[in-house]
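S.K.: prediction below, plus the sequence it came from.
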Amino acid sequence: MGTYSVINSRYSRKAEDIHDICTAMYTTSSAGEALETITKICKNDPNAVIHIFGGDGSVFEAVNAVMRAGAGSASELIIHPGGTGNDYVRNFENNFPVRADLLRFGNRYAANEINLGF
C-alpha cells in the first residue's frame, strides 16, 4: 500500500507539507489528467492512499478514477481543499474522517451531487 499525492498545479504549494510521506507525487495541469493518473495508480495499487489537492472537479475525477480502477472501498481518498467552492469538503465541517456513499449515474460517479436539466 503506497501513499500518493495528486495535485492540481494551481495548488502545488499546499502539497509541500506531505512530501515526505508520499510514495510518489503527481501534478496535473489539465482536466482529465487526475482521472487518468489515479486510475493507473489504483490499478497497480488497489489499497492506495491518495491525497488529492484541488477543488470539487479534482474530487470528481478522483472518485471516478478509483471506481474505474475497481479499487472501490479498498483505497482511501484524502481531500485537501484548494478550489474556489470546495462544496464537498465544506459539507462535513471538519468532521473527518468520513465514509461517504457515492451517487452513480450511468458509468459516472459523484461525491456530492448530480444535476439534470436543460
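M.R.: Yep, it's here. Numbers count the residues shown, from 1 in each chain.

S.K.: drop to CA atoms for contacts and neighbour counts, all remaining ones
M.R.: OK.

S.K.: all strands for the protein, in order.
M.R.: With DSSP state E as the criterion, the chain has strands at 3-8, 24-28, 49-54, 76-81, 103-105, 108-110.

S.K.: weakest of the ones you listed in terms of mean pLDDT?
M.R.: Out of the strands of the chain, strand 3-8 stands lowest, with a mean of 81 (criterion: mean pLDDT).

S.K.: for that one, the distance to its chain's centre please.
M.R.: On the basis of Cα atoms, centre = their mean, to the nearest Å, strand 3-8 sits 8 Å off its chain's mean C-alpha point.

S.K.: okay, the angle between that strand and strand 76-81?
M.R.: Here strand 3-8 points in a direction 40 degrees away from that of strand 76-81 (axes from the mean of the first three to the mean of the last three Cα atoms, to 10 degrees).

S.K.: residues making contact with the lowest-mean-pLDDT helix or strand in the chain?
M.R.: Lowest mean confidence among the helices and strands of the chain (mean pLDDT, DSSP states H and E): helix 87-90, at a mean of 76. With contact meaning Cα atoms under 8 Å, 6 or more residues apart in numbering, helix 87-90 is reached by D56, I79, P81, A111, N112.

S.K.: phi and psi next, for the fourth one.
M.R.: It refers to A111. When quoted as degrees, to the nearest 10, the phi and psi of A111 stand at phi -90, psi -30.

S.K.: how much space between it and P81?
M.R.: Shown here: A111 relative to P81, a distance of 14 Å by Cα to Cα, to the nearest Å.

S.K.: again, but for S5
M.R.: Taken as Cα to Cα, the spacing of S5 relative to P81 amounts to 13 Å.

S.K.: so who does the spatially most central residue of the chain touch?
M.R.: Nearest to the mean C-alpha position of the chain, counting by Cα atoms, centre = their mean, stands A62 at 3.3 Å. Under the criterion of Cα under 8 Å, 6+ apart, the contact list for A62 reads A34, L35, I38, I52, L77.
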